[in-house]
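Asks: no letters, just coordinates:
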Ligand code: URA
């Protein structure tokens, strides 16, 4: 997907001063089998320009394959389309001096709001019927604080409006269109909590029931 220049200008303007690197556009067909909304790209995605191309992406592709889908069947994007980073000064033993590192981090709510025009645009372009949010950032971006991931992972929230940027561009309003939203744990969750592996597997199998 190529974002229109005016959209990029708008997002860049509202992101001024935030520690965000590059733009990794979302990708996928119109009327996808489903749309996956993640959190934000990391370094791998900024370099490759392919959403979910790093370690989380490998997990996500395994989950898709488990329900008979491949990358080209789905639209993949996230709440923020630039890489949020921190600045850390650390001592490098290898170089025997202090070096500056720029590790990935979670986006802030202000960054999610600044990037809302991208996700709104992609949803109106792709017109997904089913939106799979992976991780809390994506779930909150689309449904606010109504649904806790611990209660709703792997369950479909049917016929629901979603949040989109309001006219003043300082908050959200509910959409007129309705969607099926299925919250999932972020694929990277298994790197920190191996116990979630089986849960995530069975959550993905539930999605199969909603595909036509
Ligand atoms: N996490 C996301 O949410 N999106 C990516 O593209 C990569 C990791």
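Replies: Arrived safely, thanks for sending. All figures in this text were calculated on a predicted structure; none of them were measured in a lab.
Asks: lowest-pLDDT helix or strand in the protein?
Replies: The weakest-scoring helix or strand in the chain, judged by mean pLDDT, DSSP states H and E, is helix 189-192 (a mean of 92).
Asks: need the next SSE after that helix, C-terminal direction.
Replies: For helix 189-192, the following helix or strand on the C-terminal side (DSSP states H and E) is helix 196-207.
Asks: quick check: buried residues in the least confident helix or strand of the chain?
Replies: Using 16 or more other C-beta atoms under 10 Å as the test for burial, helix 189-192 gives 189, 190. C-beta: built from backbone N, CA, C; applies to glycine.
Asks: contacts for that helix, please.
Replies: Under the criterion C-beta atoms under 8 Å, 6 or more residues apart in numbering, residues 55, 59, 135, 196, 197, 200 lie in contact with helix 189-192.
Asks: which secondary structure element is home to residue 170?
Replies: Using DSSP H and E, residue 170 falls outside every helix and strand.
Asks: what sits against it?
Replies: The contact partners of residue 170, taken as C-beta under 8 Å, 6+ apart, are residue 113.
Asks: residues in the protein within reach of the ligand, list them.
Replies: Contact residues (C-beta under 6 Å from any ligand atom) of the chain with the ligand: 38, 39, 40, 41, 42, 45, 51, 52, 54, 56, 78.
Asks: of the contacts of helix 189-192, closest to the ligand?
Replies: Nearest to the ligand among the contacts of helix 189-192, counting by C-beta to the nearest ligand atom, is residue 135 at 6.4 Å.
Asks: the closest one and residue 188: what is the separation?
Replies: From residue 135 across to residue 188, the span is 8 Å (C-beta to C-beta, to the nearest Å).
Asks: the more surrounded of the two?
Replies: Legend: neighbour count by other C-beta atoms under 10 Å for residue 135 and residue 188, higher for residue 135 (24 against 18).
Asks: number of nearby residues for residue 130?
Replies: Using other C-beta under 10 Å, residue 130 has 20 neighbouring residues.
Asks: can you pull the pLDDT of it?
Replies: On the pLDDT scale, residue 130 is placed at 97.
Asks: just the pLDDT for the residue of the chain found nearest the ligand.
Replies: For the chain, the residue closest to the ligand is residue 38, as judged by C-beta to the nearest ligand atom, at 2.4 Å. Note on residue 38: pLDDT of 98.
Asks: and it, how many residues sit next to it?
Replies: Around residue 38 there are 28 residues (other C-beta under 10 Å).
Asks: residue contacts, it?
Replies: Per C-beta under 8 Å, 6+ apart, neighbours of residue 38: 51, 52, 56, 76, 77, 78, 79, 134, 135, 137, 138, 186.
Asks: for residue 113, see how far away the residue lying closest to residue 173 once chain neighbours are set aside is.
Replies: Closest residue in space to residue 173, ignoring its immediate chain neighbours: residue 166 at 4.6 Å, by C-beta to C-beta, 6 or more residues apart in numbering. Noted for residue 166: a distance of 10 Å to residue 113, by C-beta to C-beta.
Asks: could I get the full set of strands for the chain?
Replies: In the chain, the segments counted as strands under DSSP state E are 20-21, 35-38, 75-78, 83-84, 88-92, 97-101, 130-134, 157-160, 163-165, 172-174, 179-184.
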